[in-house]
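# sequence unknown, structure follows:
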Ligand code: SF4
Ligand code: SF4
């Protein structure tokens, strides 16, 4: 598809049109905080923002999800929607985060049907980051403020309008035959290139080259003795991370009547590895912090060939004690 443009004033109508045929999720502002929500009208979307506080991973892997209910010894399957969905305004780092989750939840031998269903029926409309935050370091992880991998459409803010690029057939289908889109001019495309180059150049961060190899020999290193000391074990860094995917399974109700629920969990919580016997193999904060770093930069690389961090910067921005993962990576690399 040739690149298109859409006037900013027409985006509300575009979103309202999409709502006629399925669900639309987009960033919505509530009391100054932006998160992805199911839209009821196009006006609710807030797309001139930095990035959402919470990544849109919860639209695919909810923080609490009923797997099935049981009553008098019989299980009842949970109802699931098959409505098509558009996720509008997702940033390239968060789309890259979904690719990491795919490795876990779409594995051939252990595919998660709920996650797979949501992925299958979702079209991802990305929004390039023309003003990356100082805490962003996506370029260190092979991404970029305008990286299109994993997206279906990519929007770029050109001022009064957006440039729209189709990345997949599904993205192209979303735009085709809609009167609100016009063919982009050569100047529009050139302006997008300039904006993307400027944004890319403004992002910096640590190199992850050689970090996995360093970690291979660091399990018992004194490096871990102090790193965790200021950590409050609040779990914010894992809950806000677009790639973290640990969960717990709990049964609610009575043995006769209730439901089995999957809930997010965090390797930073002491209960995370507590066995029913009372034994806890990760008793100390040192062990838990080592696990978080090792999982992202060594174990995930061992298992899937890539680092489980996309450089979104959320854990850097939101950690209450400023425990900066970029500095940790740098210290490991230079150790
Ligand atoms: S956000 Fe900071 S304080 Fe909270 S668990 Fe993570 S590293 Fe520790
Ligand atoms: S580890 Fe931090 S910077 Fe990396 S993807 Fe997770 S929240 Fe973002």
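Done, it's in. No experiment lies behind these values; they were computed from the predicted model shown. Ligands and ions are numbered 1, 2, ... in the order given.

# tell me the residue furthest from the middle of this structure?
residue 72 (38.7 Å; C-alpha atoms, centre = their mean).

# residue 334: how many residues sit nearby?
9 (other C-beta atoms under 10 Å). Quick note: C-beta positions are derived from backbone N, CA and C, even for glycine.

# go on, residue 282?
The burial count for residue 282: 17, using other C-beta under 10 Å.

# and for the closest residue to it other than its chain neighbours, the neighbour number?
In this structure, residue 282 finds its nearest non-sequential neighbour in residue 273, 4.5 Å apart by C-beta to C-beta, 6 or more residues apart in numbering. Residue 273: 16 surrounding residues under other C-beta under 10 Å.

# spit out the contact partners of residue 273.
267, 280-282 (C-beta atoms under 8 Å, 6 or more residues apart in numbering).

# cool, residue 143 as well?
Contacts of residue 143 by C-beta under 8 Å, 6+ apart are 92-93, 96, 149, 310-311.

# okay, the closest residue to ligand 2 within the stretch 1-150 of the chain: pLDDT?
Residue of the stretch 1-150 of the chain nearest ligand 2, by C-beta to the nearest ligand atom: residue 97 (6.2 Å). As predicted, residue 97 sits at a pLDDT of 98.

# helix/strand/coil for it?
helix (DSSP: H, G, I helix; E, B strand; the rest coil).

# hang on, it packs against residue 242?
Yes. Using C-beta atoms under 8 Å, residue 97 makes contact with residue 242 at a distance of 2.8 Å.

# give the intersection of the neighbour lists for these two.
By C-beta under 8 Å, 6+ apart, the residues touching both residue 97 and residue 242 are 55, 57, 310, 312.

# dump those residues into TSV; add neighbour count, distance to residue 66 and pLDDT as well.
Shown next, in TSV, are the shared contacts of residue 97 and residue 242 (neighbours: other C-beta atoms under 10 Å; distance: C-beta to C-beta, whole Å; pLDDT from 0 to 100):
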residue	neighbour count	distance to residue 66	pLDDT
55	25	22	98
57	22	18	98
310	30	29	98
312	28	28	98
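
# sorry, back to before: out of the contacts of residue 273, who's nearest residue 177?
Nearest to residue 177, judged by C-beta to C-beta, of the contacts of residue 273 is residue 267 at 47.7 Å.

# count of residues packed around the residue lying closest to residue 309 once chain neighbours are set aside?
Spatial nearest neighbour of residue 309, excluding adjacent residues (C-beta to C-beta, 6+ apart): residue 296 at 5.0 Å. By other C-beta under 10 Å, the residues close to residue 296 number 23.

# quick one, phi psi at residue 296?
phi -70, psi -40 (degrees, to the nearest 10).

# ok, it - contacts?
Counted by C-beta under 8 Å, 6+ apart, residue 296 has contacts 243, 307-309.

# show me which pair in these is furthest apart.
243 and 307 (8.9 Å).

# packing partners of the helix or strand of the chain with the lowest mean pLDDT?
The helix or strand of the chain with the lowest confidence, counting by mean pLDDT, DSSP states H and E, is strand 74-77 at a mean of 81. Applying 3 or more C-beta pairs under 8 Å, 6 or more residues apart in numbering; DSSP states H and E, we find strand 74-77 packed against strand 64-71.

# any idea how far the residue nearest the centre of the chain is from ligand 2?
Taking C-alpha atoms, centre = their mean, the centroid of the chain lies closest to residue 242, which sits 3.0 Å from it. Separation of residue 242 from ligand 2 (C-beta to the nearest ligand atom, to the nearest Å): 5 Å.

# just to be sure, that residue is in a helix?
No. Judged by three-state DSSP, residue 242 forms no part of a helix; its state is coil.
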